[in-house]
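S.K.: sequence and predicted structure are below.
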Amino acid sequence: MPGLVINKQKSSFIVAKNGETYVTKPSGNLIKSRQTIYVGDYVEIDTENNLISELLPRRNFLIRPPIANVDIVLIVMSMVQPDFSLFLVEKFLSYANFAEIKPLVIITKQDKLDSYELLSNIQASLDKLHVKNYVVNNKSGEGLDVVRKYLHGKVVALMGQSGVGKSSFINALTDYDREVGKFSININRGRHVTKEVIMLPFNAGYLVDTPGFSSFELPLTKGDLAENFPGFKKYIGTCKFNDCLHVNEIGCSVKADVSAGLISEESYNNYVMISAELKFFSEDYK
Ligand SMILES: Nc1nc2c(ncn2[C@@H]2O[C@H](COP(=O)(O)OP(=O)(O)O)[C@@H](O)[C@H]2O)c(=O)[nH]1
Ligand SMILES: [Mg+2]
Ligand SMILES: [Zn+2]
């Protein structure tokens, strides 16, 4: 049975195999082959010398945060502090679609809610995106049982800006004690506390805690985004131009559906904003 890289520390990789953990380094041959090893990778190890002898093929891969072989991208969003952002959900979903990994949205800080209208608006917009979502309270543990069942046996990568409650969610769901940051009202974002990518054994699978980020630049081209923005897959090949980015082009079926009210203005505006953030048009840079 191969080992699993569960953590990286400077130049060492922590590998779990048959219930043991090993602090390993890549073998000379592996270094020569210039293959990069990521957390989540399956590897063959030489347990006598604590060397990784072979990197096994990966099923999928996220560049940011760097993790391989992920089953679920768990997008954590707080209801408030920081405010729920459909823009960020759509951005993360574009990335999950691109990486072909199933997404799930967790909405935290249920206890801070003073308007049910806000929650039902949030849930209505997530339903429109056809993404499953659960609402939780990390302080009381409310809502966590159903999430625990859903995540059984999965490798789950947490994503979300700092301060939304990723580490608190892990602590509420498990016996781990991840360091929790303070939310700063002044700057409307949390402190970055989690500094590393680490796989925590959980529920016959793993939870991957990752550093937070206050801004998140997608490692995608504008063309990738045009295909992977939530709901846009069905427009591939339907616009006048094959490489249509659905922004300024004539004969664009996405823009036609925005005018017809079939795509919400809010989502379309988010799309245009995300597209404007991306630097590259096509695949040439990869
Ligand atoms: N009231 C409330 N506060 C929460 C909840 N989840 C997290 N927090 C608080 O939000 C802040 C940031 O949490 P943390 O887990 O460090 O967020 P991370 O940066 O995403 O890992 C901390 O002050 C937590 O106590 C929740 O469900 N309810
Ligand atoms: Mg954290
Ligand atoms: Zn178009």
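M.R.: Cool, the structure landed. Ligands and ions are numbered 1, 2, ... in the order given.
S.K.: count the neighbours of whichever residue of the stretch 51-200 of the chain sits closest to ligand 1 for me.
M.R.: Nearest residue of the stretch 51-200 of the chain to ligand 1, counting by C-beta to the nearest ligand atom: residue 165, 2.9 Å away. From N, CA and C alone the C-beta is placed, and that goes for glycine too. Using other C-beta atoms under 10 Å, residue 165 has 27 neighbouring residues.
S.K.: and it, how far from ligand 3?
M.R.: According to C-beta to the ion, to the nearest Å, residue 165 and ligand 3 sit 37 Å apart.
S.K.: surely that residue and residue 76 touch.
M.R.: Yes. Here residue 165 reaches residue 76: they are 6.3 Å apart, a contact under C-beta atoms under 8 Å.
S.K.: anything in contact with each of these two?
M.R.: Common neighbours of residue 165 and residue 76 (criterion: C-beta atoms under 8 Å, 6 or more residues apart in numbering): residue 108.
S.K.: could you give me the buried positions within stretch 223-242?
M.R.: Residues 223, 224, 225, 226, 228, 229, 230, 231, 232, 235, 239 are the ones in stretch 223-242 that count as buried (16 or more other C-beta atoms under 10 Å).
S.K.: measure how buried the closest residue to the second one other than its chain neighbours is and give me the count.
M.R.: Going back to what we said before, that points to residue 224. Distance criterion C-beta to C-beta, 6 or more residues apart in numbering; nearest residue to residue 224, sequence neighbours excluded, is residue 98 at 5.5 Å. The tally of other residues near residue 98 (other C-beta under 10 Å) stands at 18.
S.K.: what strand or helix carries residue 98?
M.R.: According to DSSP states H and E, residue 98 maps onto helix 86-99.
S.K.: state the phi and psi torsions of the residue of the chain most remote from its centre.
M.R.: Distance from the C-alpha centroid of the chain, by C-alpha atoms, centre = their mean, peaks at residue 48 (35.8 Å). Reported as degrees, to the nearest 10, the phi and psi values for residue 48 are phi -70, psi -40.
S.K.: which stretches in this protein count as helices?
M.R.: For the chain, the helices defined by DSSP state H cover 28-32, 86-99, 116-128, 144-150, 166-173, 222-228, 253-259, 265-277.
S.K.: re the thing from before, how near is the residue nearest to residue 224 to ligand 3?
M.R.: Residue 98 is 18 Å from ligand 3, by C-beta to the ion.
S.K.: quick check, that residue in contact with residue 220.
M.R.: Yes. The criterion here is C-beta under 8 Å, and residue 98 meets it with residue 220 at 5.7 Å.
S.K.: shared neighbours, those two?
M.R.: Going by C-beta under 8 Å, 6+ apart, residues that sit against residue 98 and also against residue 220 are residue 228.
S.K.: low-confidence regions, the protein specifically.
M.R.: Where the chain drops to pLDDT under 70, the residues are 182-195, 211-216, 282-286.
S.K.: how's it carved up into domains?
M.R.: Following automatic domain parsing, one finds the domains of the chain at 3-57, 62-209, 222-285.
S.K.: returning to that earlier point: how about the buried residues of stretch 223-242, which pair is most distant?
M.R.: For the buried residues of stretch 223-242, the maximum inter-member distance is 17.7 Å, found between 230 and 239 (C-beta to C-beta).
S.K.: residues contacting residue 39?
M.R.: For residue 39, the contact set (C-beta under 8 Å, 6+ apart) comprises 5, 6, 7, 8, 66, 67, 68, 197, 198, 199, 208.
S.K.: gap between it and residue 14?
M.R.: 9 Å (C-beta to C-beta, to the nearest Å).
S.K.: is residue 95 in contact with residue 225, as I believe?
M.R.: No. Residue 95 is not in contact with residue 225 according to C-beta under 8 Å; the separation is 9.3 Å.
S.K.: and for these two, which residues touch both?
M.R.: Shared contacts of residue 95 and residue 225, defined by C-beta under 8 Å, 6+ apart, are found at residue 218.
S.K.: give me the number of residues near residue 28?
M.R.: Count around residue 28 with other C-beta under 10 Å applied: 9.
S.K.: so who does residue 265 touch?
M.R.: Neighbouring residues of residue 265 by C-beta under 8 Å, 6+ apart: residue 258.
S.K.: coming back round to it: most packed of the domains of the chain?
M.R.: domain 62-209 (a mean of 18; mean count of other C-beta atoms under 10 Å).
S.K.: the stretch 1-150 of the chain: strands as residue ranges?
M.R.: Here the stretch 1-150 of the chain has its strands, by DSSP state E, counting those that start in this stretch, at 3-9, 12-17, 20-26, 42-46, 51-55, 61-62, 67-68, 72-78, 102-108, 133-135.
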